Structures are given as structure tokens and as C-alpha cells.
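A.B. asks: I would like the atomic coordinates for the input below:
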Amino acid sequence: MRSTTEWRQSFPKMSEIVITDEKKLLSALGLCARAGKITVGIPLICEAMKRGGDKMPRIVFEASDTSPNTHKRICDRCAYYGVRLVRISSDAMTLAAAVGKLSPIGAVAVTDTQMSCLTEKYIKFGSI
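C.D. replies: So this is what the prediction gives:
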């Protein structure tokens with residue numbers, strides 16, 4: 001059985017993902033929400049990945065203050081289904097405010113290809 005430290009170190013490295021402008025990224029997520037091209041919440045995102053189809057997430061944005069268990073759940077699902085996962089430095093309330101919700105949100109998934117390209121403009125993938 002692995003220790004908690006070994007389990008945390010087994011997460012994929014998020015250091016190769018750099019967000020160039022988080023304020024603009026949150027604004028783009030708000031635009032995606034107004035267009036109806038997002039899925040909100042960990043359980044709904046996991047269910048959308050399982051079902052596939054037109055509601056399949058293209059990219060998932062996770063809040064910085066999610067619990068380790070929630071992070072592992074969404075990280076494993078994204079790795080299994082081949083969906084990009086970006087952990088942003090904003091907390092759950094800021095993420096919720098960006099998409100027009102009142103309660104804290106652990107993650108937001110963009111389900112449209114064109115809208116995911118809009119959000120990816122503010123993210124730099126690859127080595128630093």
C-alpha cells in the first residue's frame with residue numbers, strides 16, 4: 001500500500017502548463033457559459049466523459065482549492081478519456097463567479113471545440 005506522499009507525487013506534473021492571463025481566461029469561460037458550451041461540477045463532468053457524444057469535454061479547468069481526492073478523481077478521468085486538465089490558481093468561488101454561479105465549483109469543462117480554442121489562447125502547454 002502506498003503512502004499519502006507517494007500518492008500525491010504520482011499526480012501528473014502541472015508545471016508544464018502556464019496560464020498567460022488568468023483574468024482573460026476567466027472572461028472566456030464566462031463567454032462559454034453564456035453560449036451554453038460548458039459543463040459545471042465534478043460529477044457532471046465525469047458523467048459527460050463517460051457518455052461521450054457532443055457533450056464530451058474538450059478541456060477541463062479545475063479550481064486550486066479542490067481536495068486531493070477530488071483532484072485524483074478528475075485527474076484519472078481526464079487521463080483515461082484523453083481530455084486536457086488545467087489547474088488554475090483561482091479558488092472555487094472565483095471560478096463560480098466567472099461562469100455565473102453562486103455556489104463554489106470545483107471544475108468547469110468546455111464542451112465545444114471552437115470555445116476550447118478560445119480558452120486555450122491563454123494557456124501555454126509544453127515545457128517552460
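
A.B. asks: Ignoring the adjacent residues along the chain, who's closest to residue 125?
C.D. replies: Once flanking residues are discounted, residue 125 sits nearest to residue 17: 6.0 Å by C-beta to C-beta, 6 or more residues apart in numbering. C-beta here means a position set from N, CA and C on the backbone, and glycine is covered the same way.

A.B. asks: oh sorry, the question was meant for residue 110
C.D. replies: residue 116 (4.6 Å).

A.B. asks: Ok, residue 42 next?
C.D. replies: Nearest to residue 42 is residue 106, by C-beta to C-beta, 6+ apart, at 4.9 Å.

A.B. asks: Correct me if wrong: that neighbour contacts residue 69.
C.D. replies: No. Residue 106 is beyond contact range of residue 69, at 11.0 Å (criterion: C-beta atoms under 8 Å).

A.B. asks: Settle it for me: which of those two has more neighbours?
C.D. replies: residue 106 (21 against 7; other C-beta atoms under 10 Å).

A.B. asks: quick one, what contacts the more buried one?
C.D. replies: Residue 106 makes contact with 41-42, 62-63, 66, 70, 74, 92, according to C-beta atoms under 8 Å, 6 or more residues apart in numbering.

A.B. asks: Filter those residues down to the buried ones and hand me the ChimeraX line.
C.D. replies: A single ChimeraX command is used to select the members of the contacts of residue 106 judged buried by 16 or more other C-beta atoms under 10 Å:
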select :42,62,63,66,74,92
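
A.B. asks: what's next to stretch 88-101, contact-wise?
C.D. replies: Residues outside stretch 88-101 that contact it (C-beta under 8 Å, 6+ apart): 19, 22, 25-27, 29-30, 32-34, 38, 40, 61-66, 102-108.
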